[in-house]
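Trainee: all I have is the shape, not the residue letters:
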């Protein structure tokens, strides 16, 4: 929590909307504050204490530090109190900042010009994508430090202050830097800061209007905040304050998983638009061990700006069964609630045995690459899911150095056998449950899902045969190339001989092209389909979960009915001693029925939401992949043109 | 759709039997083609009703290119404007236009079958005077097994396909069938054209009969004895070839030619087989696009999210790409495989010429020996001398015309390769550019939406 990102702030959009998201929010507003101090400073010829006062976590700051700084804004003294404040900060941070300070000395030399440039850039960047903006902000932070004529001494403490307690700061920072109505700032801020606050707002004023609704724009957001009136700020503050109380003690996952479903939905929306905050890649597959006990280990590297993780970048090594283990854990926890838990790639005994036994043959290399890519996509799908991302197991999987060995993932183990039995009984019970569907939506969706499954399987088989045929083509082209080369060597006409050997070369290149295209067919197209066939399995499973919940509810209702009948009988038979017990049971079952009904409603709602989410993801995924696939085709066609165009003069040169 | 399939399909194909359609169905195909500029003025454009016309093939380049050494002599022009596929037999209509006096009319058409062509070839081979010439290779037997087999498979797999998919596959097969058919017609045509353009062969009596006689030639098909006789002859010939190959040639030119042709023949044979394989697998890839496109469009039809339009676009594109890809494959087949195949057969013919010359050389040497023997025994000397003189004369004549023929063959080969390779490269570029444009358009469309 402590090291929440200061330097490369997260490009989190829609902070306006997600009012119950304290972690993200605070980073955001931190940003805003920084930007504006940057902007302000350029206009006002620097006001060092500004960020300090805004970010001071403790109350006592406001009693002394701000006073000092405003009395004597360009004086060293303003830094002094902050320095003392920051004594509790981690040394590492300080050191890193010193480094940075040294690096950026040149900026320091010309603070004014630079800062103006940057502010201009920021304005420009605000229209561009979020990532680049993040970088700019980083610059801005630094600059902001160096603009202060006070020197490195002041800088050191300042930034750590920001990072120290982001949870609390964020409201204050916002209020402090932008909303003069805030109590603290009203006390501390004087004319310069007010003027400073006004100026950037003018600069960006035109944008503010247009971008009110455009949450993707961080900068605009900041300006919006600027122009917000105090009631809103207060409201935000209060709302933010609530979660921030537990946040100080609880982990971020706890605080974020708490919010009501509505927030979750909002979060979902954001997640859909914003993929930059969590990048996961699976790389460097490596064979560990020998013989049948060998396994493949993969490097799982994460790059994130989410504050729920301890650092921004971390790498762990995981083996395949760890991935399966993660899935087991997740599906145990979430599947029954109707969540679609993305399934990992299947275990392949054949493929893996080949890898274990075989040396370095291309088919096993392809197998490993295929699995690596599949695992990467799997993890990306997991973290894309807003609720699964919050799961501590996911975090552990990504972050923790050593993971307890996953058990029960072996295909042929006892656990595997048990799983198979469970699946079989599930299938049987599924057949016996006859659900009279009350909701047409579910019925239709289930049907859609089933036919989609069928179609995708068909398509997958066809794409597979395309891959095979293209590989064949590549092979045959290679053979032809060789043959033509031989023919060329036999040809006694020099020009024709030369042309033939050129043709052989062209065919050789085309062979490579076909081969690449075959692997593109496979990795871009076929694997996408394979993924979605697996995912559809998960989608169907969540429909099953809903059915199960319904069944529980119905069973409970039947039970209640029986209990009531017994009660009636007892009443009739006039047995008061047992009557009470029966009544108790009825109450108990009534509670259960309503509980199960609620469960069912909840699962239904989740399933509905999940299916919609799935469809959205699918649309995006398919579109992306189709475009990628077409681009790969395009590229090979372009290459083809090049090759033949190079050949044409050779053919014409035959005399 | 179905009716046109009927027209194209050989009636014996099981695909038709499956549908219980009886009766003789004949496919008459008018081979439409772009007239080559050279003969444009002489050839009347034909507009007689064609029973089948496949527009996508209309602009397909003609394969005339293979025999490029046709001279510009317009005294004898031959083409095959129509062909009729009846059961296994293909009936060609051979059309001749001439200014030569040896023909009774300046223009006439006769029906001929593949067997008639073979007969013509055989008589040419057997004519002693032509021993010193490269006799144009006989056209290969019409072979519709490939598409027929595919049609059979398609009929079996009908239930697993959607209607459109099936229709498309059938369409593709029909196109393939038609392509094979056209190719068959063309190789026959080329055979005749090479004869007509040759100064010696064009005067051949049998050739003129072949062209002019308006009744059925009713060439007797080879009976079993003859067939085996031919087989035996071939065996003897190859054994003989091995035997006389040991004889050192006095002429450097022929010695070189021999080693060259032997080497070249094996190489070109290999290349032909490989090229065939390559084009076939290219066709498979194009066929896969059909299935994928159909399934994608099905998925698109059922989808009702934003993906629908994307999938539809994707499917459309694949359908277009498939056509381009199919064209690439068939153009490769036409420009490359056919070229190689033709020259493989031509080289065989050239090799035969060399064999005949070597045989004559052997005969000459034998006659020399016989003369020596006769002189030794002083018996039958004039006879042996006469024999020896004749053999020498024959050999010299053979050598002379053979040298000429081989040299012209070399030039012909180079020119043909040049032409075809250029055309193929141009077509490849054209198709690739086509695909590129299609792909770019689709990508842009997808990106916008």
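Mentor: On my side now, so go ahead. Predicted, not measured: the structure shown is a model, and the values here were computed from it. Residues are numbered from 1 along each chain as shown, chains lettered A, B, ... in the order given.

Trainee: count of residues packed around the residue of the stretch 101-250 of chain B found nearest chain A?
Mentor: With Cβ to the nearest Cβ, the shortest gap between the stretch 101-250 of chain B and chain A falls at residue B:160, namely 8.8 Å. The C-beta positions use only the backbone N, C-alpha and C, and glycine is treated the same way. By other Cβ atoms under 10 Å in any protein chain shown, the residues close to residue B:160 number 10.

Trainee: quick one: it from residue A:464, how far?
Mentor: 15 Å (Cβ to Cβ, to the nearest Å).

Trainee: ok, residue A:648 next?
Mentor: Distance, residue A:648 to residue A:464, using Cβ to Cβ: 36 Å.

Trainee: spatially central residue in chain B, please.
Mentor: Centre of chain B computed as the mean C-alpha position; nearest residue by Cα atoms, centre = their mean is residue B:187, 3.6 Å away.

Trainee: residues contacting that one?
Mentor: Counting by Cβ atoms under 8 Å, 6 or more residues apart in numbering or on different chains, residue B:187 touches B:139, B:140, B:342.

Trainee: low pLDDT regions in the stretch 51-200 of chain B?
Mentor: Across the stretch 51-200 of chain B, the ranges flagged by pLDDT under 70 are B:51-74, B:87.

Trainee: would you mind listing what in it touches chain A?
Mentor: By the rule Cβ under 8 Å from any Cβ of the partner chain, no part of the stretch 51-200 of chain B lies against chain A.

Trainee: all strands of the stretch 51-200 of chain B, in order?
Mentor: Along the stretch 51-200 of chain B, the segments classed as strands by DSSP state E, counting those that start in this stretch run B:76-86, B:89-98, B:107-113.

Trainee: packing partners for the first one?
Mentor: When you say that, I think you mean strand B:76-86. Applying 3 or more Cβ pairs under 8 Å, 6 or more residues apart in numbering or on different chains; DSSP states H and E, one finds that strand B:76-86 contacts strand B:26-30, strand B:89-98, helix B:163-197.

Trainee: list the strands paired with it, with their directions.
Mentor: Sheet pairing here is set by DSSP bridges, and for strand B:76-86 it gives strand B:26-30 (antiparallel), strand B:89-98 (antiparallel).

Trainee: can you give me the helices in the stretch 151-300 of chain B?
Mentor: Secondary structure of the stretch 151-300 of chain B (DSSP state H, counting those that start in this stretch): helices at B:163-197, B:205-212, B:224-244, B:252-302.

Trainee: quick one: buried residues of stretch A:603-619?
Mentor: Burial within stretch A:603-619, assessed by neighbour count using 16 or more other Cβ atoms under 10 Å in any protein chain shown, is assigned to A:603-604, A:606-611, A:613-619.

Trainee: packing partners of the helix or strand where residue A:283 lies?
Mentor: Element membership for residue A:283, per DSSP states H and E: strand A:278-288. When contacts are defined as 3+ Cβ pairs under 8 Å, 6+ apart, strand A:278-288 sits against strand A:295-304, helix A:362-384.

Trainee: and the angle from the last one to strand A:278-288?
Mentor: Counting by axes from the mean of the first three to the mean of the last three Cα atoms, to 10 degrees, helix A:362-384 lies at 150 degrees to strand A:278-288.

Trainee: check which element follows helix A:362-384 along the chain.
Mentor: Where DSSP H and E defines the elements, the next helix or strand beyond helix A:362-384 is helix A:386-389.

Trainee: quick one: mean pLDDT over that following helix.
Mentor: Regarding helix A:386-389, the rounded mean pLDDT is 83.

Trainee: which strands and helices sit next to whichever helix or strand comes after that helix?
Mentor: Per DSSP H and E, the first helix or strand lying C-terminal to helix A:386-389 is helix A:392-399. On a contact count with 3+ Cβ pairs under 8 Å, 6+ apart, helix A:392-399 meets strand A:295-304, strand A:313-319, helix A:320-334, helix A:362-384.

Trainee: who's in contact with helix A:392-399?
Mentor: With Cβ under 8 Å, 6+ apart as the test, helix A:392-399 has contacts from A:251, A:253, A:280, A:300, A:302, A:308-310, A:314, A:316, A:318, A:322, A:326, A:329-330, A:333, A:379, A:382-383, A:388, A:403.

Trainee: ok, which of the helices and strands packed on strand A:278-288 comes nearest chain B?
Mentor: Nearest to chain B, of these and by Cβ to the nearest Cβ, is helix A:362-384 at 17.4 Å.
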